[in-house]
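> Need a 3D model of the sequence below.
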Amino acid sequence: MVSESARVTTAREAAYRIKDPNSRPRMAKLIALDEKSAQAARQILQSGHERVALLAAPSPLRSSDGGAVGTVRSLKEWLAAFSGRIKEVVAGLDPADLVVLVATAGEDSQLATVIGDACRARGVPITALIIDAEDASAEALSASLLRLRPYASMLVVARGHDYVNDMLAALRV
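Coordinates of the predicted model:
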């Protein structure tokens, strides 16, 4: 009698094997939700993640001299640009099978709501990473966690920018 191990390695049984690889590589989109995390994301992409695309979040409302915008005209211009940029980011989610959001603790991450809803509609999971948490107050960190938690299947408070790179490697990106 032939053992089961010997039987499954025969040429006859090999004809039934699936010839495709066990899994396909991920196509991830890395989205920085604020200006500080965008700098970290750019550095991460320079380290050689070829299957990761960076989608930059729209910039906050600022005037040309860096201050808050006060005129109605400049507000309308910014809103039009912001709306167009959000559409670009949402359209850029295809063909992602994983979205990694990077946010700085205490910074504005309201775009997470738009991206989270778009990913939910597409069935794309989100991993969210909060960086620079040691520099933020407990209230600021809590606000960032509350903003990202409803959308992220995994939410990590990272100890440094290197951790984000390690997380991408762990996610097989």
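
> Can you tell me the centre-most residue of this structure?
Nearest residue to the geometric centre of the chain (Cα atoms, centre = their mean): V100, 1.9 Å.

> Please name the bridge partners of it.
Beta-bridge pairing of V100, defined through DSSP bridges, involves L30, T127.

> residue contacts, it?
By Cβ atoms under 8 Å, 6 or more residues apart in numbering, the contact set of V100 is 28-31, 52, 126-129, 167-168, 171, 173. C-beta coordinates here come from the backbone N, C-alpha and C atoms, glycine included.

> Try it again at 10 Å.
28-32, 41, 44, 52, 125-129, 152, 154, 156, 164, 167-168, 171, 173 (Cβ atoms under 10 Å, 6 or more residues apart in numbering).

> These in helices, which ones?
Mapping the contacts of V100 onto helices (DSSP state H) picks out 41, 44, 164, 167-168.

> Turn those residues into TSV, columns for neighbour count and distance to R120.
As requested, the ones in helices among the contacts of V100 are exported to TSV (neighbours: other Cβ atoms under 10 Å; distance: Cβ to Cβ, whole Å):
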residue	neighbour count	distance to R120
A41	25	22
I44	22	25
V164	21	23
M167	18	21
L168	23	22
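
> Pull the most distant pair out of those.
Spatial extent of the ones in helices among the contacts of V100 (Cβ to Cβ) is set by the pair A41 and M167 at 12.1 Å.

> Next, the contact list for V99, please.
With contact taken as Cβ under 10 Å, 6+ apart, V99 is in contact with 28-31, 55, 93, 115-116, 118-119, 122, 124-128, 151-152.

> now it: how far from V90?
Separation of V99 from V90 (Cβ to Cβ, to the nearest Å) stands at 11 Å.

> So for the two, which residues contact both of them?
The contact sets of V99 and V90 overlap at 55, 115, 118-119, 122 (Cβ under 10 Å, 6+ apart).

> I'd like these as CSV, with pLDDT, secondary structure and distance to S3 appended.
Formatted as CSV, those follow (pLDDT from 0 to 100; DSSP: H, G, I helix; E, B strand; the rest coil; distance: Cβ to Cβ, whole Å):
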residue, pLDDT, secondary structure, distance to S3
L55, 68, strand, 53
I115, 91, helix, 53
A118, 92, helix, 52
C119, 93, helix, 48
R122, 92, helix, 47
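
> Quickly name whichever of the residues you listed is closest to T9.
The nearest member of the shared contacts of V99 and V90 to T9, counting by Cβ to Cβ, is R122 at 41.2 Å.

> Correct me if wrong: the closest one contacts G92.
No: with contacts counted by Cβ atoms under 10 Å, R122 stays clear of G92, the gap being 11.8 Å.
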